[in-house]
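[1] have a look at this fold, sequence not included:
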């Protein structure tokens, strides 16, 4: 689950640098890029796996499209997919790392207001869903992969200021999330709704009036409370995602 798929920087860039154009017509912006990412998911001592943490370092591909109305209302759809990656959850069982993947999709709607001097503020909300797959060595384990699916709604706010011939922006969001953990040998458990947060910061530089490049840093953290299943006790799973990416955006 990645509320960081909130592409707030796109909207701040458009309204800070092109307020007159934004007021005159609808604006569309297409963007894409790469983001080196660190993913960690930790289980407490009551989980079926005991107190362990799985870690994966990978490069994620990001892409999306934003529509902005003349009045500053916007809708953004973003997708992210991890490239080839591994994780180390089963290092106590095998020296070989196992395959890993993480995909997410986010739909965001909100309102951005640009001030005369170029600063801007935004409020937003939306829906996000993600799927994480951690493969496992079989044998000695009785299953070959775990799947963690999560989804939820979020709200947040952000702002931007012009500086260094570009635009600095930041955002914060909170989310109510649900999760489901299962493997391919019949195990399944669902987490109650829980709250988490995401933080984002970015710098956008306009290469041309229509083309811009953005560097952004993002951090997300969510703690899921899983109930009793089979003979196991209730337990918690904590997900943390940190990424530092670069992307190009084109306004048309």
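    Sure thing, it's come through. Please read these numbers as outputs of a predicted model, since none were measured by experiment.
[2] just the helices in the chain please.
    Applying DSSP state H to the chain gives helices spanning 8-17, 19-24.
[3] next one, pLDDT for residue 194 please.
    pLDDT, residue 194: 84.
[4] Provide a list of residues in contact with it.
    176, 177, 178, 179, 222, 223, 224, 225 (C-beta atoms under 8 Å, 6 or more residues apart in numbering). C-beta coordinates here come from the backbone N, C-alpha and C atoms, glycine included.
[5] distance check, it against residue 66.
    From residue 194 across to residue 66, the span is 29 Å (C-beta to C-beta, to the nearest Å).
[6] can you map out the strands along the chain?
    27-43, 53-68, 73-82, 85-87, 98-114, 120-135, 145-163, 166-183, 188-206, 211-226, 235-251 (DSSP state E).
[7] per-residue confidence averaged over the second one?
    For strand 53-68, mean pLDDT is 96.
[8] buried residues in that strand?
    54, 55, 56, 58, 60, 61, 62, 64, 65, 66, 68 (16 or more other C-beta atoms under 10 Å).
[9] the second one and residue 40 touch, don't they?
    Yes - at 5.1 Å, residue 55 counts as touching residue 40 under the criterion of C-beta atoms under 8 Å.
[10] could you report the neighbour count for residue 209?
    For residue 209, the count of nearby residues is 10 (other C-beta atoms under 10 Å).
[11] again, but for the one 3 residues further on
    Residues lying near residue 212 (other C-beta under 10 Å) number 24.
[12] now the one 3 residues further on
    Using other C-beta under 10 Å, the number of residues around residue 215 comes to 17.
[13] switch to numbering from 28
    Yep, numbering from 28; the last one is residue 242 now.
[14] give me the pLDDT for it.
    pLDDT recorded at residue 242 is 96.
[15] appreciated, that's everything.
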